[in-house]
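J.: got a predicted structure plus its sequence, pasted below:
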Amino acid sequence: MKQEDLELLVTREMPFGKHKEWLIANLPGDYLNWFARKGFPPGEIGRLLALMQEIDHNGLRPLLEVRRVGCC
C-alpha cells in the first residue's frame, strides 16, 4: 500500500453503480464485500476498491481520517 493510494481513496469518486459519485473511502462495507465476492472491475478503480475492501474488512478506516497538523 502506497501513500498515493490512500490519497486516491479519499479523493476519487465511484464512477458507476448504486453509489456513483461517492468517495471510494465512504463506500459501505457491504458494497465493497459484494465486489469481493463477485469480482472487482479491471484497472485502477478495481485496485482501489480491493484496497478499500481490505482496509474496511480489517477495521483500518481510521487510516483514512484527515489529520490536522497543529490543531487543538
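T.: In hand now; what should we look at?

J.: what about the helices in this protein?
T.: Using DSSP state H, the helices of the chain run over 3-9, 29-38, 43-57.

J.: phi, psi for the residue nearest to Leu27 when sequence neighbours are not counted please.
T.: Computed as CB to CB, 6 or more residues apart in numbering, the closest residue to Leu27 that is not its neighbour in sequence is His19, at 5.6 Å. The way it works is simple: take the backbone N, C-alpha and C, and place the C-beta from them, glycine included. Per-residue torsions, His19: phi -110, psi 30 (degrees, to the nearest 10).

J.: and for His19, the neighbour number?
T.: By other CB atoms under 10 Å, 15 other residues sit near His19.

J.: just the one 10 residues further on next, same as before
T.: The number of residues packed near Gly29 is 13, by other CB under 10 Å.

J.: how close does Pro62 sit to Lys38?
T.: To Lys38, Pro62 is 27 Å away according to CB to CB, to the nearest Å.

J.: cool, and Pro15?
T.: With CB to CB as the criterion, Pro15 and Lys38 are 17 Å apart.

J.: ok, Leu23 next?
T.: For Leu23, the distance to Lys38 - CB to CB - is 21 Å.

J.: ok, these two, which is more surrounded?
T.: Remark: of Leu23 and Lys38, Leu23 carries more neighbours, 16 against 8, as counted by other CB under 10 Å.

J.: what stretches of the protein score poorly on pLDDT?
T.: In the predicted model of the chain, residues 66-72 satisfy pLDDT under 70.

J.: and for the closest residue to Phe35 other than its chain neighbours, the neighbour number?
T.: Excluding the flanking residues, the one nearest Phe35 by CB to CB, 6+ apart is Leu49, at 5.3 Å. Residues within reach of Leu49, counting by other CB under 10 Å, total 20.

J.: same question for stretch 52-66: list its buried residues.
T.: Residues of stretch 52-66 classed as buried: 52-53, 55-56, 64 (neighbour count, 16 or more other CB atoms under 10 Å).

J.: turn those into JSON lines, columns for distance to Leu6.
T.: What follows is these, written out as JSON lines (distance: CB to CB, whole Å):
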{"residue": "Met52", "distance to Leu6": "10"}
{"residue": "Gln53", "distance to Leu6": "14"}
{"residue": "Ile55", "distance to Leu6": "9"}
{"residue": "Asp56", "distance to Leu6": "13"}
{"residue": "Leu64", "distance to Leu6": "6"}
